[in-house]
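In: Mind looking at a prediction? Sequence and model below.
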Amino acid sequence: EYTQIYKTALPIPPKKEPKYKITNPVTGKEIWYFEIEIKPFTTQVYPGKKPARLVGYDGISPGPTIIVPRGTESVVRFVNNGDRESSIHLHGSPSRAPFDGWAEDLIFPGQYKDYYYPNNQAARFLWYHDHAMHFTAENAYFGQAGAYLINDPAEDALGLPSGYGQYDIPIVLGSKYYNADGTLQTTIGEEDSLWGDVIHVNGQPWPFFNVQPRKYRFRFLNAAVSRNFDLYFVKANAVNTKLPFQVIASDAGLLERPITTSDLIVAVAERYEIVFDFSKFAGQTLELRNLVDANGIGTDDEYLNTHKVMRIVVSSGAVTDNSKVPAALATIPFPPDSTGIDHHFRFHRTNSEWRINGVGFADVANRILAKVPRGTVEIWELENGSGGWTHPIHIHLVDFKVLERFGGDRGVMPYEAAGLKDVVWLGKGETVLVEAHYQPWVGVYMFHCHNLIHEDNDMMGAFNVTKLQN
Ligand code: C2O
Ligand code: CU
């Protein structure tokens, strides 16, 4: 049992500096060149026990945060000095297919690969993580995940709380199991899910975070293997009263307008950004918690402290805070209206194997499950065909609009509807309709369940964005 709850300060992943910057002679744009080494490191999780040996980007986990301005291209060289093969996916980027982290496009120990990213999207919170065939869960769990931020002048002009690590804080969530000797348990051999009993924030189990009585922007990323979170804030001495906050952004960046809520479902791989105003809580202690109950979103195994995430200690005395949350945040490029269902995908289990429409990713001959002419708008129907499980579904390349959720307890959440997404959870018995504009590139891309145990056990397919035929 972990006894050090709320004893260690929240670590902030360091910002990664480019090794150099050059001007692209063709486009005239700047290209920033980064180098990241995948390498082993140790971390002392349990005092008095063995350190845990992990393998992370630049030997830390989460990896360093890459921050680039919109329109600046980047090349990231990933040098693999880890234990086994890797493939790196920049989740949220419409990367060209060769740079998208295709599961079989592997870099083995001693090799490197240069990934090219266009960064031409509006400001958003992306993340880079491993995507190696059958080892995504193990590699990501042992440390291969990090934040990647694109910023832009339109967002900067809004006056939101800012300053990376100061008032703009990444909150990368994880959930893990450790062995009795203090080392991290493997995921290999797991076929169902890996829920974890130790909640991590930025790599640290149950940290505390000191804040000033003012507004903060928190960027939540659920980087757990299987656990979905339902986050809420309380005062430490009034844990039954959830405190309101404003959701300002999701997977594809800013929402149309802030959505006020007092709890927020963040399924695996989803990003949500919020502004929390601590000005009314000077001198008080708050907690960020995780709702665990029977109506939760499909995390089956709960433990002594899985309802706790982080303690927040607000300093006393007033401070000046010029940041604000405007009533209108952004114009969202929602795809044009379309009707009819273009593809139906059923996420289910057959003979203890995870499948999409009966096909697993290892089934090379059949795994391209859709052909979509480039530039078309399609509606995909994603059906949870597996009873009690929740599946967070990620479609590469595109941003989608969540049109409808039916068949279960919930509809589309207001914070899901106010922006574009690249992951959507299918709760128990639920079916979700998503609409996307299949652009800008042609190529074969993956889509899959982001419960990494399901993904590695082949709940993954591909779609081919083809040339328009005339
Ligand atoms: Cu976040 Cu296909 O991955
Ligand atoms: Cu799944």
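Out: Sure, I can see it. Numbers count the residues shown, from 1 in each chain. Ligands and ions are numbered 1, 2, ... in the order given.

In: so which strand or helix has residue 416?
Out: Residue 416 belongs to helix 414-417 when assigned by DSSP states H and E.

In: continuing past that helix, what's the next helix or strand?
Out: Next element after helix 414-417 (DSSP H and E): strand 423-426.

In: Give me the distance between the two termini of stretch 158-167.
Out: Stretch 158-167 has an end-to-end distance of 15 Å (C-alpha to C-alpha, to the nearest Å).

In: Spell out which parts of the chain neighbour ligand 1.
Out: Residues of the chain that fall close to ligand 1, judged by C-beta under 6 Å from any ligand atom: 89, 91, 129, 131, 269, 394, 396, 446, 448, 450. To be clear about C-beta, it is placed using only N, CA and C from the backbone, and glycine gets the same treatment.

In: Pick out the residue of the stretch 251-400 of the chain closest to ligand 2.
Out: residue 391 (3.4 Å; C-beta to the ion).

In: Could you export stretch 428-446 as PDB, CA atoms only?
Out: Output in PDB follows, covering the C-alpha atoms of stretch 428-446 (Å, rounded to 0.1, in the frame of the first residue of the first chain):
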ATOM      1  CA  LYS A 428     -21.900   0.400 -21.700                       C
ATOM      2  CA  GLY A 429     -24.400  -0.500 -24.400                       C
ATOM      3  CA  GLU A 430     -23.800   2.800 -26.200                       C
ATOM      4  CA  THR A 431     -23.500   3.700 -29.900                       C
ATOM      5  CA  VAL A 432     -22.000   7.000 -31.000                       C
ATOM      6  CA  LEU A 433     -22.200   8.800 -34.300                       C
ATOM      7  CA  VAL A 434     -19.200  10.900 -35.400                       C
ATOM      8  CA  GLU A 435     -18.800  13.100 -38.400                       C
ATOM      9  CA  ALA A 436     -15.500  14.000 -40.000                       C
ATOM     10  CA  HIS A 437     -14.000  15.600 -43.000                       C
ATOM     11  CA  TYR A 438     -11.500  13.100 -44.400                       C
ATOM     12  CA  GLN A 439      -8.600  15.300 -45.300                       C
ATOM     13  CA  PRO A 440      -5.900  16.700 -45.900                       C
ATOM     14  CA  TRP A 441      -3.900  13.700 -47.100                       C
ATOM     15  CA  VAL A 442      -4.400  10.400 -48.800                       C
ATOM     16  CA  GLY A 443      -3.000   7.300 -47.000                       C
ATOM     17  CA  VAL A 444      -3.700   4.400 -44.800                       C
ATOM     18  CA  TYR A 445      -4.400   5.400 -41.200                       C
ATOM     19  CA  MET A 446      -5.300   3.500 -38.000                       C
END
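
In: From the chain's centroid, how far away is it?
Out: Centre-to-centre, stretch 428-446 and its host chain are 17 Å apart (C-alpha atoms, centre = their mean, to the nearest Å).

In: Can you list the buried residues in that stretch?
Out: 428, 430-439, 442-446 (16 or more other C-beta atoms under 10 Å).

In: Could I get the full set of strands for the stretch 201-350 of the chain?
Out: 204-205, 208-211, 215-222, 229-235, 238-243, 245-250, 253-261, 264-266, 271-277, 285-290, 308-314, 343-350 (DSSP state E, counting those that start in this stretch).

In: From residue 26, how far out is the nearest residue to residue 191 once chain neighbours are set aside?
Out: For residue 191, ignoring the flanking residues on the chain, the nearest one in space by C-beta to C-beta, 6 or more residues apart in numbering is residue 457 at 5.7 Å. Remark: distance between residue 457 and residue 26 (C-beta to C-beta, to the nearest Å) = 43 Å.

In: okay, these two: which has more neighbours?
Out: More neighbours surround residue 457 than the other of residue 457 and residue 26, with 23 against 6 (other C-beta atoms under 10 Å).

In: Name the residue of the stretch 51-200 of the chain with the shortest distance to ligand 1.
Out: The nearest approach of the stretch 51-200 of the chain to ligand 1 comes at residue 91, 3.5 Å away (C-beta to the nearest ligand atom).

In: picking up where we left off before, tally of neighbours for the residue of the stretch 251-400 of the chain closest to ligand 2?
Out: Counted with other C-beta under 10 Å, residue 391 comes out at 30.

In: quick one: it and residue 459 touch, right?
Out: Yes. Between residue 391 and residue 459 there is a contact under C-beta atoms under 8 Å: 7.3 Å.

In: Now do the shared contacts for these two.
Out: Any residue near both residue 391 and residue 459 by C-beta atoms under 8 Å, 6 or more residues apart in numbering counts here, and that gives 347, 449, 451.

In: Next, find the distance separating the first one from ligand 1.
Out: Applying C-beta to the nearest ligand atom, to the nearest Å, one obtains 14 Å for the distance of residue 347 from ligand 1.

In: Spatially nearest residue to that residue, not counting backbone neighbours?
Out: Per C-beta to C-beta, 6+ apart, closest to residue 347 is residue 391, 4.8 Å.

In: Go through the buried residues of stretch 428-446 and name the one nearest residue 145.
Out: Distances from residue 145 to the buried residues of stretch 428-446, taken as C-beta to C-beta, are shortest for residue 446 (17.0 Å).

In: quick one: strands adjacent to the host helix or strand of the closest one?
Out: According to DSSP H and E, residue 446 maps onto strand 443-449. For strand 443-449, the paired strands and their directions (DSSP bridges) are strand 391-395 (antiparallel), strand 460-466 (antiparallel).

In: got the angle for that strand vs strand 343-350?
Out: 50 degrees (axes from the mean of the first three to the mean of the last three C-alpha atoms, to 10 degrees).

In: Just the residues contacting strand 443-449, thanks.
Out: Residues contacting strand 443-449 (C-beta under 8 Å, 6+ apart): 96-97, 100, 102-103, 131, 345, 347, 354, 356, 361, 368, 391-397, 454-455, 459-465.

In: Stretch 40-47 too?
Out: 2, 4, 51-56, 59-61, 81-83, 143, 178, 182, 184, 198, 203, 205.

In: can you do 6 Å?
Out: Under the criterion C-beta atoms under 6 Å, 6 or more residues apart in numbering, residues 51-55, 59, 182 lie in contact with stretch 40-47.

In: sorry, back to before: show me which of the shared contacts of residue 391 and residue 459 neighbour ligand 2.
Out: Contacts with ligand 2 within the shared contacts of residue 391 and residue 459, counted by C-beta under 5 Å from the ion: 449, 451.

In: Alright, I will stop here.
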